[in-house]
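A.B. asks: got a structure for you, letters missing:
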């Protein structure tokens with residue numbers, strides 16, 4: 001009698017379903033906790049405070065904001081409240097051109113929200129080159 005040879009050999013088997021469940025759970029965890037970088041559609045040229053040479057190219061538009069939050073496109077005041085009158089005035093003055101340089105000149109005491117509103121209107125209209133005008137600082141005497 002052969003006792004050992006009558007036994008059936010069990011086939012070695014790996015159950016991958018729990019492994020897949022664990023991997024999918026980890027994948028969902030990493031996807032949900034990852035911070036995604038959102039790139040802005042509008043290029044912003046940060047202001048320089050030095051008195052070095054500026055671009056010689058004249059800007060396509062100049063948007064001015066006074067300390068009371070009134071907008072001016074060129075020398076014309078934008079009549080009305082909110083972003084829509086500003087967008088209409090920008091479209092009138094720029095026409096179909098969206099590739100030119102736009103300069104925002106805001107009073108030093110202008111609330112930041114008005115500058116952001118102007119930037120938002122320009123971005124919605126498709127302007128891509130934006131500069132914020134600054135006054136050069138005085139260099140210390142040597």
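C.D. replies: Good, I have the coordinates. What you see is a predicted model, and the numbers here were worked out from it, not measured in a lab.

A.B. asks: residue ranges of the strands in this structure, please?
C.D. replies: Taking DSSP state E, the strands of the chain run over residues 43-45, 61-65, 71-73, 76-77, 101-106, 129-132.

A.B. asks: For residue 114, grab the count of nearby residues.
C.D. replies: 19 (other C-beta atoms under 10 Å). All C-beta atoms are positioned from the backbone trio N, CA, C, and that covers glycine.

A.B. asks: Residue 69 is in contact with that one, correct?
C.D. replies: Yes: under the criterion of C-beta atoms under 8 Å, residue 114 makes contact with residue 69 at 4.7 Å.

A.B. asks: Okay, domains of the chain per the record?
C.D. replies: 3-33, 43-132 (automatic domain parsing).

A.B. asks: any idea which of the ones you listed is most buried?
C.D. replies: domain 43-132 (a mean of 15; mean count of other C-beta atoms under 10 Å).

A.B. asks: low-scoring stretches of this structure, by residue?
C.D. replies: Applying pLDDT under 70 to the chain picks out residues 1-10, 36-56, 136-142.

A.B. asks: Now do the contacts for residue 121.
C.D. replies: 83, 86, 87, 90 (C-beta atoms under 8 Å, 6 or more residues apart in numbering).
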